[in-house]
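*Asks:* Sequence first, then the predicted structure:
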Amino acid sequence: MSSSPAQAATSGTARITEVYQAEKAKAGGLWRTHMAAVDSTGTITPFLEDDADHVTYGYSVQKLAVATAVMDKIDRGLLTLGTKLDLPADIILGGSGIYHLHRVWGDQITVANFLTAMLLVSDNTAVRMCGRVVPAVELNEILAAKGFVHTRVEPVANPNRFYLGTTTPREMHDLLWRLATKTLLKPESCEFLLSITRWINGYHDGVRRVMSSRERERVATKYGADFNTLGESRHEVGIMFSTTGVPLLTYAMFAEGLGDGENYGATHPAVQAHSVIGRTMIDNLPPVPGSSAAATARTAETTLPRTLPKPFHPNHGG
């Protein structure tokens, strides 16, 4: 006897919740999480809310909010993806990213260039480049206008620089879902950000670790890591899509007060937890809205917007 789509979705989310609780206990620390999945009508519904309104430092997860503010100015015609800025030596930051590896600087690079670097490899210098086109106060005003209450950067004396600031799991879910449904920005702007965060050259240590390349293309993800007085922090947020590009599930996992300091690799306990949870999520996604239990995602109809990235194919040059 086959189960209905609603029963399958309930069973799947229950399994995700079970694995989440087990992995959270194993990794330790303080976890604040929001997960949601679509029902048979396409309505996004929370199924896991673990202190989901806690205001926390988002670290590099906040780069999604920074990119949103930059794209908002592009949508309003105040900037373009092709706008060029110089990349001077005195703006270079170390840590994650690629620009600090160049050893020589002075390039003229586009807004599209540094947004891609910021979201794909979490480049820290790219954040400063964003601040040159959207100062901290304006950035926070844009986020407030979009309805975010706690998602903010922290201004400093230089108006074009800031610390990445705070968010909540629920607000990050809201940002992700509106991005997936093309309501956060103009549809083409949402597509641009999703094309970067879904690309398979991005972050693989956590949620996407135990996935094929085709499965990784179905997950838009952003990772953040740092430490504070509570201990280490390891965060990951994202969206999972069907094989036909329909958004089905969002996750926003923030964990702090963790041990294993200075380990930013795949062996960190919280990152290992993310990988187990990620595999469980993609194996237990709800059916595409409008499909029967026996129908495949290839033939299902839905009112939700679809996002299909250009498939990855290797290229040896020439």
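*Replies:* Perfect, thanks for sending it.

*Asks:* ok, S195 - contacts?
*Replies:* P309, K310 (Cβ atoms under 8 Å, 6 or more residues apart in numbering). Bear in mind the C-beta positions are built from the backbone N, C-alpha and C, glycine included.

*Asks:* in which helix or strand would I find it?
*Replies:* Take DSSP states H and E as the rule and S195 turns out to sit in helix 187-197.

*Asks:* Give me the contact list for the helix or strand just after that helix.
*Replies:* Remark: after helix 187-197, the chain's next helix or strand is helix 213-216, criterion DSSP H and E. For helix 213-216, contacts defined as Cβ under 8 Å, 6+ apart pick out R198, I200, H204, R208, I282, P311, F312.

*Asks:* try 10 Å this time
*Replies:* The list of residues contacting helix 213-216 from outside it, by Cβ atoms under 10 Å, 6 or more residues apart in numbering, reads 198-204, 207-209, 240, 243, 278-279, 282-283, 311-314.

*Asks:* Mind giving me the packing neighbours of the helix or strand bottoming out on mean pLDDT in the chain?
*Replies:* Across the helices and strands of the chain, mean confidence by mean pLDDT, DSSP states H and E is lowest for helix 5-27: a mean of 86. Under the contact criterion of 3 or more Cβ pairs under 10 Å, 6 or more residues apart in numbering; DSSP states H and E, helix 5-27 touches strand 30-38, strand 44-50, strand 247-258, helix 269-283.

*Asks:* Now with 7 Å, please.
*Replies:* In terms of contact count using 3 or more Cβ pairs under 7 Å, 6 or more residues apart in numbering; DSSP states H and E, helix 5-27 is assigned the packing partners strand 30-38, strand 44-50, helix 269-283.

*Asks:* Among those, which comes closest to L139?
*Replies:* The stretch from the helices and strands packed on helix 5-27 with the least distance to L139 (Cβ to Cβ) is strand 30-38; that distance is 23.0 Å.

*Asks:* related to what we said a few turns ago, and the helix holding S195, how far from the chain's centre?
*Replies:* 12 Å (Cα atoms, centre = their mean, to the nearest Å).

*Asks:* So which bits of that helix are buried?
*Replies:* When neighbours are counted by 16 or more other Cβ atoms under 10 Å, the buried residues of helix 187-197 are found to be S189, C190, E191, F192, L193, L194, S195, I196, T197.

*Asks:* thinking the last one is in contact with V219, fair?
*Replies:* Spelled out, it's T197. No. The criterion here is Cβ atoms under 7 Å, and T197 misses it with V219 at 8.6 Å.

*Asks:* Make sure R132 is indeed in a helix.
*Replies:* Yes. Under DSSP: H, G, I helix; E, B strand; the rest coil, R132 falls within a helix.
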